[in-house]
Structure formats: structure tokens, C-alpha cells
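>>> Model the structure of this input:
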Amino acid sequence: MQASAIIKLTISMAIFGSIGFFTIHTGVPALELVFIRCICATLFLSALWLITGGHKTEVWHKKEIVRTLLCGVFIVLNWVFLFKAFEEMSISIAISIYNLAPIFVLILGALFLKEKMTIQALVATLTCFIGSIFIIGLHNFITLSEFLQSGFIWALLSALFYALTMLTSRIITQLSSYALTFIQTTVGIIILLPFVDFSLFEGLTTTNWLYILGTGFIHTGFVYYLFFDSIRNLSTILVSVLVFVDPVVAILLDMLLLDFMPSIMQTVGILLIFGGIFYTIYIPKQSKKEV
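Below is the predicted model:
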């Protein structure tokens, strides 16, 4: 079962790594794209749910449903902010900041779940913070408005809500992966519907629609089914390691297909962020000292 879960998570992360490339070819803004993603994923997952007969054996618990609804809000905001970041900065930089999520999990766990903060966690957090400064190059921004328009805030918010999604999904154990993701994407449709500008879908090309549907059915429906179905059967450390398949694929595609080439400072920043997160994962537990 663990081997199957490892394969599923690896495939889901590899596919998700291409989402930035798909996103910039859709021709629609972040909010509208997330709305279509939610519709496609809901159709895809409900079809699988019915075909497999899982809806007949689903066990519903009020607490689980409430947690899933909350998780749905977090995951939708995560998507909107990530796609906003893609609109303002390169995919590689946005993904690097987005993958600060494990560090936010540590911080939020210490603040709200009373988990003990360690020297290891503090070092990793400081390293990642310095890396993020190198990536965005604060010295290049003369005014606050320039900084806000850089996309850094969007990427940081996407990482924060990704972390909240991970924390919330930990305590959802009874619902099937179909039900879990189906509820989340349905929440997305309801939340975003009042804000969608449908005129933005006029005049889109066939290519635009192929990329839009790809992000909906593949990157949302299929990927998130694999993701939530696999993480339940894997240790936290294994999940933390395998999610790095996502940024590696994203950065490689950005460099190979979109001709992105990071500056020396940005390269150092990317290495510091991933170094800080790897440090969090690999340092033996017995070497941790509580602070």
C-alpha cells in the first residue's frame, strides 16, 4: 500500500509542477481560472465517485464535514493567490516562495496547536526568510507599491493557505478522497461565483480552452484525488520529501520552455529556501533541542 501511495503522490506532484506553464496559456485571470478548475474537478470527482460506488458506502460525520468545508475555503484561496503570483512573477520564483508552506506549518503548529518550537525550526525559518529576500531582491524596489506589485505578497499568501490546507487535512480521516475533494471544489464554486466576470471567457481560442480544461480536469480533479488518497498512507517525512517533485518540475519547465534564467541572487535565494526546508526534514529528531 505504501509503494502505491508513493507512486500516486510522486505522479500528482510531477503533474502539478506543470500547472504554472498551463496557467499562463489559459488567457484568463486567476479568479476565473480557479472557478473553472473547481467546476471541472467537481464533475470529474463526482463521476468517479458514482462509478466506483463510493457514494453508497460514504460515512458522514458533522465534524468532518465542517473541517472539510473550512479546508475547502483554504485550498481555494491558496489557488487564487498562487495564480495571482504567476501573473506577476516568474513561475520558478513563485513556486519557490509557495513551497515555504512546510515552514508555515511549523510556525502555525507552534502558535495554535501548542507544538513545541525547536532550534532546528527557527534556523530553517530564518534561512527561508533570508532566501525569500534574495529571491525578490528588495533592493530593486524603491517604493512600497513596486514591492506589492512584484507578486511576492500573492506567493506568500498562497504558501500560508497551502499550509492551512495541510494542517486542516490532517484531521480529516473518515471521508473518502472522492468526498473530501468533491466538497472542497464545490465550496470553491459557491465562493467564487459572485465574483466571476464571465465576459472574460469571450474570444478565447481553442488552445486557451485546452489549457483551461487541462488545469481543471488534470491538475485539479485527477491530481488532488491522487494527493489526498496518498498522503493518508505515508509518513510526514515521506510526504515532505515527495512534494519537492512539484517545484523541481516547475523550475525545469520554466527554464526549458519559457527561457527563465534566475540571477545569481535569485539562485542563492532558491537554494536557501529549499535548503531550509530539507534541513527541517532530514535532521534526526534526537538532535533537536527545544527552545
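>>> which of the residues in stretch 206-221 are buried?
Y211, I212, G214, T215, G216, F217, I218, H219, T220, G221 (16 or more other C-beta atoms under 10 Å). C-beta here means a position set from N, CA and C on the backbone, and glycine is covered the same way.
>>> Counting only helices, which of these make the cut?
Secondary structure from DSSP state H places Y211, I212 of the buried residues of stretch 206-221 in helices.
>>> ok, of the buried residues of stretch 206-221, which one's closest to V76?
Set against V76, the nearest of the buried residues of stretch 206-221 by C-beta to C-beta is T220 (10.6 Å).
>>> residues contacting the nearest residue to that closest one once chain neighbours are set aside?
Distances taken as C-beta to C-beta, 6 or more residues apart in numbering place A41 nearest to T220, at 3.8 Å, with adjacent residues excluded. By C-beta atoms under 8 Å, 6 or more residues apart in numbering, the contact list for A41 reads T181, T185, G216, F217, T220, G221, Y224.
>>> average model confidence for the one helix or strand A41 maps to?
Assignment of secondary structure by DSSP states H and E places A41 within helix 30-52. The average pLDDT within helix 30-52 is 88.
>>> Also stretch 267-284?
Stretch 267-284 shows a mean pLDDT of 72 in the predicted model.
>>> what about F198, distance to T57?
As judged by C-beta to C-beta, to the nearest Å, F198 and T57 stand 38 Å apart.
>>> Just to check, L180 is in contact with F228?
Yes. Counting by C-beta atoms under 8 Å, F228 is a contact partner of L180 at 5.5 Å.
>>> what do the two both touch?
S169.
>>> hang on, the earlier thing: could you export the contacts of A41 as CSV, including distance to I130 and pLDDT?
Shown next, in CSV, are the contacts of A41 (distance: C-beta to C-beta, whole Å; pLDDT from 0 to 100):
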residue, distance to I130, pLDDT
T181, 36, 81
T185, 36, 88
G216, 37, 88
F217, 39, 88
T220, 33, 80
G221, 38, 81
Y224, 32, 77
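>>> Tabulate the residues you listed (a markdown table), appending distance to I36.
Output for the contacts of A41, formatted as a markdown table (distance: C-beta to C-beta, whole Å):
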| residue | distance to I36 |
| --- | --- |
| T181 | 16 |
| T185 | 11 |
| G216 | 5 |
| F217 | 10 |
| T220 | 9 |
| G221 | 12 |
| Y224 | 15 |
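>>> tell me which of these is nearest to I19?
Nearest to I19 among the contacts of A41 is T220, at 9.0 Å by C-beta to C-beta.
>>> and the closest one, what does it touch?
Counting by C-beta under 8 Å, 6+ apart, T220 touches R37, C38, C40, A41, F44, T185.
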